[in-house]
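S.K.: here are the coordinates; sequence isn't available:
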């Protein structure tokens, strides 16, 4: 398997970027540039990644393609198309975004409208429009599951795949984001296994985090770094490995370089203790 994550250090050129990735012992990386970069810069980073055997696992979008503000939605859609085109050019495993939100307070916020039939129909149409505009050959468009935005379960993700009906649409798996109730938390290994069983053939990239529920009312479930929660990482990593030796798992949402080292080192150690070969 391959492990990657953020860097949280500025870099001036591909050589410096590679040096940080190698220092962290990453073999998978997030795309270090966005669609605003020129063709020469893209070529330089793509070559640097290839020469260093760094798999570009994700190109992020992180814009609200379902905003109720028409201007914001249009800009987000155009950016998503540009990022998907970049992912295709860079040979990334996937281009990833959340589906979007009708929240009035946050681009990725919760809202009753996020569960309406009209919202879902717009979500399907939006994904189709992004894919059809780019027609990627070397990558896939994918959606990160969220705790309060569809898809919030593996069943809902599978339904979305079928409804979008595009071969270029795949899965970015974030099982922690879907551990959004006490039952899923208490039966986390069974739930994560269910995610892999149902979505395995479509998974192109994975976020590796952990979950910790407080003994407090009503139910408070927090995301934390791997090893700081209660998820059974040896069993999870065995599921990841079954997808293939180049499957990337990314640690994320950490504050600094050394936190990324700590989290990725924990994942590496648990993999190696389980007899799983980790590249890099």
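M.R.: Ah, there it is. These numbers were taken from a predicted model, which means no experiment stands behind them.
S.K.: C-alpha from now on. contacts and neighbour counts both.
M.R.: OK.
S.K.: which stretches of the protein form helices?
M.R.: 14-23, 39-51, 70-90, 117-134, 154-164, 175-178, 182-186, 188-199, 233-241, 257-273 (DSSP state H).
S.K.: For the closest residue to residue 192 other than its chain neighbours, list the residues it contacts.
M.R.: Of all residues beyond its chain neighbours, the one nearest residue 192 is residue 175 (6.2 Å), with distances taken as Cα to Cα, 6 or more residues apart in numbering. Neighbouring residues of residue 175 by Cα atoms under 8 Å, 6 or more residues apart in numbering: 145, 192, 195, 207.
S.K.: and if you look at residue 127?
M.R.: residue 164.
S.K.: Check it and give its pLDDT.
M.R.: With respect to pLDDT, residue 127 scores 98.
S.K.: circling back: and the gap between the residue nearest to residue 192 and residue 31?
M.R.: 22 Å (Cα to Cα, to the nearest Å).
S.K.: Could you identify which of the helices of the chain is most buried?
M.R.: With neighbours taken as mean count of other Cα atoms under 10 Å, these reach their highest mean count in helix 175-178, at a mean of 24.
S.K.: Surely residue 134 is in contact with residue 81?
M.R.: Yes. Here residue 134 reaches residue 81: they are 6.5 Å apart, a contact under Cα atoms under 8 Å.
S.K.: Spit out the residues that contact the two alike.
M.R.: By Cα under 8 Å, 6+ apart, no residue touches both residue 134 and residue 81.
S.K.: what's the closest of the contacts of residue 175 to residue 232?
M.R.: Nearest to residue 232 among those is residue 192, at 9.7 Å by Cα to Cα.
S.K.: From residue 259, how far out is the closest one?
M.R.: 24 Å.
S.K.: Residue 218 now?
M.R.: 30 Å.
S.K.: In CSV: the helices of the chain, plus distance to residue 105.
M.R.: Compiled in CSV, the helices of the chain are given as follows (distance: least, Cα to Cα, whole Å):
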stretch, distance to residue 105
helix 14-23, 35
helix 39-51, 35
helix 70-90, 14
helix 117-134, 17
helix 154-164, 25
helix 175-178, 20
helix 182-186, 26
helix 188-199, 30
helix 233-241, 34
helix 257-273, 30
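S.K.: Nearest to residue 280 among those helices would be which one?
M.R.: It's helix 14-23; of the helices of the chain, that one is closest to residue 280 (Cα to Cα) at 7.7 Å.
S.K.: between the closest one and helix 39-51, how big is the angle?
M.R.: Interaxial angle of helix 14-23 relative to helix 39-51 (axes from the mean of the first three to the mean of the last three Cα atoms, to 10 degrees): 30 degrees.
S.K.: and helix 14-23, what other elements does it pack with?
M.R.: Judged by 3 or more Cα pairs under 8 Å, 6 or more residues apart in numbering; DSSP states H and E, helix 14-23 is in contact with helix 39-51.
S.K.: what's the angle between the helix it packs on and helix 70-90?
M.R.: 50 degrees.
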